[in-house]
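Chemist: just to be clear, the model below is a prediction. Sequence and coordinates:
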Amino acid sequence: MSQSMRRQLAREAEGRESADTSDTQAVPSQPPYAQIICEVSEKLGYTCEYTALTRILADPNDPRNEPLYTRARVTVIQAVALELQFFVNDLGGSSAPQKGLLWRVCNSLLPPGNKMPDSLEAAENMIEDLASDSVKSAQMTQ
């Protein structure tokens, strides 16, 4: 995860709005999130269908696309994808207890009432379900 993405997620977690937000600091659009989710899925051992995933991410009725918390600019699945991208790329050699502890620390920075999964395992399950849904959706459109 790039430093700018980490800074953006930190600003969101603190609930601050940056007065000088430019397009380069904005939350990435759905296609980059779809790419991030596909990369995370593959590293976790799941198959993901990119085109179907972009449709799922654009569905306003999917609860995974709800804001992470009131007034958040990122959705639940976007936040999960960004945080898991960090875990699968930067913490590959860390032990499960270390990863679990870091997950809890990161999530403790979010405001009360947030919809972030309580555990790393729950977040990975969310990605697995999303990847599975993308494959099923792709098969149905063929």
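Modeler: In hand now; what should we look at? Residues are numbered from 1 along each chain as shown.

Chemist: mind listing the helices for the chain?
Modeler: Remark: helices assigned in the chain by DSSP state H are 3-14, 30-43, 50-57, 76-90, 96-108, 120-141.

Chemist: in CSV: those, plus distance to residue 70 and mean pLDDT.
Modeler: Placement of C-beta: from N, CA and C, glycine included. Formatted as CSV, these follow (distance: least, C-beta to C-beta, whole Å; pLDDT from 0 to 100):
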stretch, distance to residue 70, mean pLDDT
helix 3-14, 12, 54
helix 30-43, 21, 86
helix 50-57, 21, 91
helix 76-90, 13, 87
helix 96-108, 16, 85
helix 120-141, 20, 91
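
Chemist: which of these sits most buried?
Modeler: When the helices of the chain are scored by mean count of other C-beta atoms under 10 Å, the highest mean neighbour count falls to helix 76-90 (a mean of 21).

Chemist: packing partners for it?
Modeler: The contact analysis (3 or more C-beta pairs under 8 Å, 6 or more residues apart in numbering; DSSP states H and E) places helix 76-90 against helix 3-14, helix 30-43, helix 96-108, helix 120-141.

Chemist: look up how far residue 119 lies from the closest residue in space to residue 126 that isn't next to it in sequence.
Modeler: Excluding its sequence neighbours, the residue lying closest to residue 126 (C-beta to C-beta, 6 or more residues apart in numbering) is residue 80, at 5.5 Å. Note on residue 80: its distance to residue 119, by C-beta to C-beta, to the nearest Å, is 11 Å.

Chemist: contacts only, for the residue nearest to residue 126.
Modeler: By C-beta atoms under 8 Å, 6 or more residues apart in numbering, the contact set of residue 80 is 116-117, 123, 126-127.
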